[in-house]
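Q: Based on what follows, work out the 3D shape:
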Amino acid sequence: MKAKSKRKVEACKRSLRHITDHPIVPANARLTTLVTGLTANVASFRDYTAGQSGGELEFHSGTLTRRQMADDLRADMRAINGIAKALPRDEFPGVRELFLMPRSGSYEALIARANAFLEKIGPIKVVFVDRGLPADFDEQLAAKLVAVDSASGTRDSGRSDRVGGTAGLDAKADQGIAMLREMDSILSYQYRNDPALLASWKSACHVDRDPSRAEDEESAPGAPAAAGSSLTAKGAGPSDGSEPMATAVEPRVNGSALVSA
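A: Predicted structure coming up:
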């Protein structure tokens, strides 16, 4: 969850608790409608948060599994590649070039090259079996290729769920804040004669600002100077527009101050 959306969600939850603890009597029709809508909105936060978190876990699971399966697939391909490179060229012309390892380290390149291996193995499978590979080495290669592709699908699905959950949560948080603004206009009037309750409500519906943004604004051009600060820059003069006061300079000779008689 984005930090900004999280703060909005918390403001919505606090506001609902405040209204539950301090109901308006007699009931305000529009406020009741807004509270109902905000309650449903807050309930939806859980669904989107769950989707976001579940997607994150699925993404990491798919990423780790794909890495492991790719390592297994690459190991099998290297065994085939090693045997192909050792085949006599005059007896097996062009065969070693059919089973070269991919130059790129990407998963896409690995999958493409594994598919190419499987297409070329058939006619000369016996050559590899005669040199020690299992009789079903091509089937094992195909199974590991499927595992890599499946893990990639899990990873992509997890990413999609994570992105969807985040986007849905952001949208719902914005809707909740829009409801809070209208509720604030109603309750600020209702609590106008009760400073304590008004302050409690304002605290509940307040959305905390981004700390980094607040710090940037404090250091931005035009920001007020810190208390007790003074002008010390060379040539700085008084702020009332008057001429700057001359500053006496003690003469020095050979690095030593003159001593007056």
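
Q: Ends of stretch 16-30, what's the gap?
A: Criterion Cα to Cα, to the nearest Å; first-to-last residue distance in stretch 16-30 is 15 Å.

Q: Show me where the stretch 151-261 of the chain has its strands.
A: Assigned by DSSP state E, counting those that start in this stretch, the stretch 151-261 of the chain shows strands spanning 252-253, 256-257.

Q: what about the last one, average pLDDT?
A: Which is strand 256-257. The average pLDDT within strand 256-257 is 43.

Q: Which stretches in the stretch 151-261 of the chain count as helices?
A: Ranges of helices in the stretch 151-261 of the chain, per DSSP state H, counting those that start in this stretch, are 195-205, 211-218.

Q: Residue 163 contacts residue 56, correct?
A: No. If you go by Cβ atoms under 8 Å, residue 163 and residue 56 don't touch, sitting 10.2 Å apart. The way it works is simple: take the backbone N, C-alpha and C, and place the C-beta from them, glycine included.

Q: Residue 39: neighbouring residues, count only.
A: When neighbours are counted by other Cβ atoms under 10 Å, residue 39 registers 13.

Q: Output the lowest mean pLDDT helix or strand found in the protein.
A: strand 256-257 (a mean of 43; mean pLDDT, DSSP states H and E).

Q: Could I get the phi/psi values of the residue nearest to residue 11 when sequence neighbours are not counted?
A: Excluding the flanking residues, the one nearest residue 11 by Cβ to Cβ, 6 or more residues apart in numbering is residue 207, at 4.6 Å. Main-chain torsions, residue 207, degrees, to the nearest 10: phi -100, psi 120.

Q: same thing with residue 137?
A: phi -60, psi -30.
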